[in-house]
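Visitor: Pasting a predicted model and its sequence here:
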Amino acid sequence: MARKALFIDRDGTINRDCPYCHDLKDLYVYDDAVQIMKEYEEKGYLIIIITNQSGINRGYFTENEFHLFQNELLKRLKDKGVNVDKTYYCPHRPEENCNCRKPNIGMIQKAMEDFDIDIKNSVIMGDRDDMEGEMGRKLRIEYIILKR
């Protein structure tokens, strides 16, 4: 049976935007994001992080450094009672014109291949209308922009 999903941005939404977050000393999780994810999880939504990480292909940090930061974020979220079902990330720079870089919908398409998702009743949440808002408009689904 298809499940609804909360597709949530990482940097600037779940955690403070560094920018190019990869150093654990910069990891700060927003309490309101934790509360929102818990509420959606309690309603049966999948919790899926979708994040642009062009710092990888720009050479600012390695894929391994991304995973170390991401794993610590997931651990902290779990400690606060949030279970993230999956993380999708795009390592490409804007000029690489990939399908996965937000506001393109490639990460959500991949999630739909991996999970049985009720996309029409799913929600996108982020801190940027030109990214998460645009994805919501492309998919014709609800989106929520958190002003930071």
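Guide: Sure thing, it's come through. Residues are numbered from 1 along each chain as shown.

Visitor: Where do the helices of the protein begin and end?
Guide: Counting by DSSP state H, the chain has helices at residues 31-42, 63-79, 106-114, 134-139.

Visitor: Turn the ones you listed into CSV, including mean neighbour count, mean pLDDT and distance to residue 127.
Guide: (C-beta placed from N, C-alpha, C; glycine too.) CSV is the format used below for these (neighbours: other CB atoms under 10 Å; pLDDT from 0 to 100; distance: least, CB to CB, whole Å):
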stretch, mean neighbour count, mean pLDDT, distance to residue 127
helix 31-42, 16, 98, 10
helix 63-79, 15, 98, 16
helix 106-114, 17, 98, 16
helix 134-139, 18, 98, 13
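
Visitor: Just put those in CSV and tack on distance to residue 90.
Guide: Compiled in CSV, the helices of the chain are given as follows (distance: least, CB to CB, whole Å):
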stretch, distance to residue 90
helix 31-42, 20
helix 63-79, 11
helix 106-114, 6
helix 134-139, 12
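
Visitor: Of all the ones you listed, which one comes closest to residue 54?
Guide: helix 63-79 (10.9 Å; CB to CB).

Visitor: Help me confirm that residue 106 comes into contact with residue 98.
Guide: Yes: here residue 106 reaches residue 98: they are 6.8 Å apart, a contact under CB atoms under 8 Å.

Visitor: Now the common contact residues for the two.
Guide: Shared contacts of residue 106 and residue 98, defined by CB atoms under 8 Å, 6 or more residues apart in numbering, are found at residue 90.

Visitor: In CSV, could you pull the C-alpha coordinates for stretch 99-117?
Guide: Provided in CSV are the C-alpha atoms of stretch 99-117 (Å, rounded to 0.1, in the frame of the first residue of the first chain):
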residue,chain,number,x,y,z
ASN,A,99,18.1,15.7,-13.3
CYS,A,100,18.7,15.2,-9.6
ARG,A,101,19.7,18.7,-8.6
LYS,A,102,16.8,20.6,-7.0
PRO,A,103,14.5,22.1,-8.2
ASN,A,104,14.6,19.2,-10.7
ILE,A,105,12.7,16.2,-9.4
GLY,A,106,15.2,13.3,-9.9
MET,A,107,15.7,12.6,-6.2
ILE,A,108,11.9,12.3,-5.7
GLN,A,109,11.7,10.1,-8.8
LYS,A,110,14.4,7.8,-7.4
ALA,A,111,12.5,7.7,-4.0
MET,A,112,9.4,6.7,-5.9
GLU,A,113,11.3,3.8,-7.5
ASP,A,114,12.6,2.7,-4.1
PHE,A,115,9.3,3.1,-2.1
ASP,A,116,5.6,2.8,-2.9
ILE,A,117,4.8,6.5,-2.5
